[in-house]
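**Q** pasting the sequence and the predicted model now:
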There are 2 protein chains.
Amino acid sequence: VRVALDLMGGDAAPGVVVDGALLVASERPDITVVLVGPPDVAAECLGARGAGDRFEVVAASEVVAMDEDPARAVRAKRDATVRVAARLVRDGEADATVSAGSTGAAMAAAVFTLGRLQGMTRPAVAVLVPAAAHPVVLLDAGANVDCEPALLAQFALAGAAYASTLGMASPRVGLLSNGAEAGKGDELRKRAYELLAELPIDFVGNVEGGDVPLGGRADVVVTDGFTGNVLLKALEGMLRLTGAELTSGGPSGGAVLLGVKGVSVVAHGSSSASEVASAVVLAAQAASEGLVPRVSAALDELVARRRSQAGLEALT
Amino acid sequence: VRVALDLMGGDAAPGVVVDGALLVASERPDITVVLVGPPDVAAECLGARGAGDRFEVVAASEVVAMDEDPARAVRAKRDATVRVAARLVRDGEADATVSAGSTGAAMAAAVFTLGRLQGMTRPAVAVLVPAAAHPVVLLDAGANVDCEPALLAQFALAGAAYASTLGMASPRVGLLSNGAEAGKGDELRKRAYELLAELPIDFVGNVEGGDVPLGGRADVVVTDGFTGNVLLKALEGMLRLTGAELTSGGPSGGAVLLGVKGVSVVAHGSSSASEVASAVVLAAQAASEGLVPRVSAALDELVARRRSQAGLEALT
């Protein structure tokens, strides 16, 4: 598996990125890391670690900064690291991309260069929250702040497909709400509930905020990007407050973009070398487990249903 | 200060309620607790603790259960403990009510019996989250799942007035969003931001989910009841996951109803005796610090502004 890694993404890039790549090289020889960035920066950084020709480097001269408007910057910078990395996936020269830079930039590059899967109106960001019982897939984690009910249905299908690549054969999908009872929720949740109940997934109904860190009730938790972002940052804040350590890192470690025609993983901007390495391993696993065809197949069913309904309605 | 305490509210009522009342009696002789519930239940419970005539008991024969529709049940049960307690406040026989039963029932009783303050479309539930730097007032904590921007502005004024009764002279008010920068947020937040920026409060702009447990950026955090509920339950879940103990109890200890013509505090259904006692002390403090006139004055200014704007618009 070949993973294109953004050399310039992350608060401590490029050093922490190269260190992460070296960890992958030593622990997972089955994964080939391709560094994407300015060749002189890569050469200096690798040389300083005595790893001069350890990795293939693909040249990319521009960087999208964290404070830039992601869509505009990605469109303007043809040679941005995230765009070049996405091109490698599009052209079959890599199986996945990883960046610890701006999530918005990685999303924009994926949408522009790889394109959206049919049936997915707007791609989502899915994070794996290391909960008590077992990890929980939470989406959307922040990409889509205003959501329609139909978009939450797409997230549910894509999230379940992602969970299936993580070894959850028949993942239980819950809708994040302000109470577990059916009928709880704001207008968005009430309408989304009806849609999720009709999908070919194991829908367990409404789940609550506590079910994300505690796990156990649902394997996949679906919400809008506004609520998902607030929830994740609250969990991170509480972790920092109590000084507790979770075995598998913070709640928003490796985020996977769902609904695009390629595997793209975004690591936290403050990632350590081992967190960068984890994101590379996550991306490699998603690619080898067929994430994109699985999400695509799940959405196809939705597209087919809509077509069949439209056809039936046209007949009556 | 006289506090009317719902004898039948809470998972472990009436025992835990009487134990809470006894704690208050021994630690805060300046607070007079009036128990509201069936006299025979009170007599038996007090007798078993050798405190037969320690408290005044006001008879109330009905109870609103946690699984009932709160508004309907409160309307139907004229002699419900929460309604009788609210009547005591309305008639000047108590300064505040406390219940560890259904928040919805306490809210319905307060709205029906005490009435809403002018300028408050829908009352809010404010909780005091024990954050790292200092406690944070979070509202709405779950009463209003669908909110208009104007309602969030009312919450901001009421929350700032509440914070002022807690010794925060000029509380900083933040709008919970998915990023600290101005311009972040969904449609509701973007429109609410404009309204909050025009209020006579110290508006610090957008704050993030982590700013609630960590504190420091805002003393009052304003959000809709859906997001507030998800956030609080996530924090509770994370606390349970890590087994960490906060010095001043969990995040949703004593919740204060804001925007009604009386002081009404709701304790968590799973409250211990000392948590019931804390809620009684919180209610007594809110009453003696003039919570209702403060919230009323804050809202009056909003009402006056609206009238003056309407007058100006009528002239042009």
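**A** Thanks, I have the structure now. Numbers count the residues shown, from 1 in each chain, chains lettered A, B, ... in the order given.

**Q** and the stretch 151-300 of chain A, which residues reach chain B?
**A** A:176-179, A:185-187, A:189, A:208-214, A:223-227, A:229-244, A:246 (Cβ under 8 Å from any Cβ of the partner chain). Just so you know, the C-beta spots here come from the backbone N, C-alpha and C atoms, and that holds for glycine as well.

**Q** return the members of those residues classed as buried.
**A** For those, a burial check counting by 16 or more other Cβ atoms under 10 Å in any protein chain shown picks out A:176-179, A:185-186, A:189, A:208-214, A:223-227, A:229-239, A:241-242, A:246.

**Q** hmm, who's touching stretch A:37-50?
**A** A:6-8, A:14-15, A:18-19, A:22, A:35, A:52-55, A:57, A:59-61, A:81 (Cβ atoms under 8 Å, 6 or more residues apart in numbering or on different chains).

**Q** could I get the buried residue list for it?
**A** A:37, A:38, A:41, A:42, A:45, A:46.

**Q** ramachandran coordinates for the closest residue to residue A:52 other than its chain neighbours?
**A** In space, residue A:52 comes closest to residue A:46 once its chain neighbours are excluded; the distance is 5.4 Å by Cβ to Cβ, 6 or more residues apart in numbering or on different chains. With angles defined as degrees, to the nearest 10, residue A:46 sits at phi -70, psi -40.

**Q** follow-up on the earlier one: in PyMOL, select just the buried ones from the contacts of stretch A:37-50.
**A** Restricted to buried positions by 16+ other Cβ under 10 Å, the PyMOL selection for the contacts of stretch A:37-50 reads:
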select buried, chain A and resi 6+7+8+14+18+19+22+35+55+57+60+61+81
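
**Q** filter the contacts of stretch A:37-50 down to just the ones in helices.
**A** Counting by DSSP state H, those place A:15, A:18, A:19, A:22, A:81 in helices.

**Q** which residue would you name as the spatial centre of chain A?
**A** residue A:256 (1.4 Å; Cα atoms, centre = their mean).

**Q** which SSE is immediately downstream of the helix or strand harbouring that one?
**A** Using DSSP states H and E, residue A:256 sits in strand A:254-258. Per DSSP H and E, the first helix or strand lying C-terminal to strand A:254-258 is strand A:263-267.

**Q** now do that following strand: distance to the chain's middle.
**A** Strand A:263-267 sits 5 Å away from the centroid of its parent chain (Cα atoms, centre = their mean, to the nearest Å).

**Q** over to residue A:168. Which of the three states is it?
**A** coil (DSSP: H, G, I helix; E, B strand; the rest coil).

**Q** would you list every one of the helices in chain A?
**A** For chain A, applying DSSP H gives helices covering A:15-27, A:39-48, A:70-76, A:81-90, A:103-109, A:149-165, A:187-197, A:211-214, A:225-242, A:273-288, A:291-315.

**Q** which of the residues in the last one are buried?
**A** It stands for helix A:291-315. Buried-residue list, helix A:291-315, by 16+ other Cβ under 10 Å: A:291, A:292, A:294, A:295, A:296, A:298, A:299, A:302.

**Q** tell me how far stretch A:52-59 lies from the chain's centre.
**A** On Cα atoms, centre = their mean, the centre of stretch A:52-59 falls 26 Å from that of its chain.

**Q** residue A:173 touches residue A:161, doesn't it?
**A** No: using Cβ atoms under 8 Å, residue A:173 makes no contact with residue A:161, being 10.7 Å away.

**Q** how about the strand holding residue A:256, which residues are buried there?
**A** Here strand A:254-258 shows A:254, A:255, A:256, A:257, A:258 as buried, counting by 16+ other Cβ under 10 Å.

**Q** residue A:180 against residue A:205, yeah?
**A** Yes: with contact defined as Cβ under 8 Å, residue A:180 reaches residue A:205; the gap is 7.1 Å.

**Q** so the two - more neighbours on which side?
**A** residue A:205 (19 against 15; other Cβ atoms under 10 Å in any protein chain shown).

**Q** and that one, what does it touch?
**A** By Cβ under 8 Å, 6+ apart, the contact list for residue A:205 reads A:174, A:175, A:180, A:182, A:193.

**Q** if I look at residue A:173, how far off is residue B:278?
**A** Between residue A:173 and residue B:278 the distance is 39 Å, computed by Cβ to Cβ, to the nearest Å.

**Q** err, residue A:303, not the other one
**A** According to Cβ to Cβ, residue A:303 stands 55 Å off from residue B:278.

**Q** from the contacts of residue A:205, pick the one nearest residue A:272.
**A** The closest of the contacts of residue A:205 to residue A:272 turns out to be residue A:174 (Cβ to Cβ; 30.9 Å).

**Q** beta partners for that closest one?
**A** Assessed by DSSP bridges, residue A:174 has beta-bridge partners residue A:205, residue A:221.

**Q** that one and residue A:212 touch, don't they?
**A** No: Residue A:174 is beyond contact range of residue A:212, at 9.3 Å (criterion: Cβ under 8 Å).

**Q** quick check: neighbours shared by those two?
**A** Common neighbours of residue A:174 and residue A:212 are listed as residue A:221 (criterion: Cβ under 8 Å, 6+ apart).

**Q** ok, back up a step: and of the buried residues of strand A:254-258, the nearest to chain B?
**A** Minimum distance to chain B across these is 14.1 Å, recorded for residue A:255 (Cβ to the nearest Cβ).

**Q** and that closest one, what are its bridge partners?
**A** Where residue A:255 sits in a bridge, its partners, by DSSP bridges, are residue A:127, residue A:266.

**Q** dump the residue contacts of it.
**A** A:103, A:125, A:126, A:127, A:141, A:265, A:266, A:267.

**Q** just put those residues in CSV and tack on pLDDT.
**A** Listed next are the contacts of residue A:255 as CSV, based on pLDDT from 0 to 100:
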residue, pLDDT
A:103, 91
A:125, 96
A:126, 97
A:127, 94
A:141, 94
A:265, 97
A:266, 96
A:267, 94
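
**Q** need the residues you listed in JSON lines with distance to residue A:114, can you?
**A** Output for the contacts of residue A:255, formatted as JSON lines (distance: Cβ to Cβ, whole Å):
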{"residue": "A:103", "distance to residue A:114": "16"}
{"residue": "A:125", "distance to residue A:114": "15"}
{"residue": "A:126", "distance to residue A:114": "16"}
{"residue": "A:127", "distance to residue A:114": "20"}
{"residue": "A:141", "distance to residue A:114": "19"}
{"residue": "A:265", "distance to residue A:114": "13"}
{"residue": "A:266", "distance to residue A:114": "14"}
{"residue": "A:267", "distance to residue A:114": "19"}
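
**Q** from the residues you listed, which is closest to chain B?
**A** When those are ranked by distance to chain B (Cβ to the nearest Cβ), residue A:141 comes first, at 9.8 Å.
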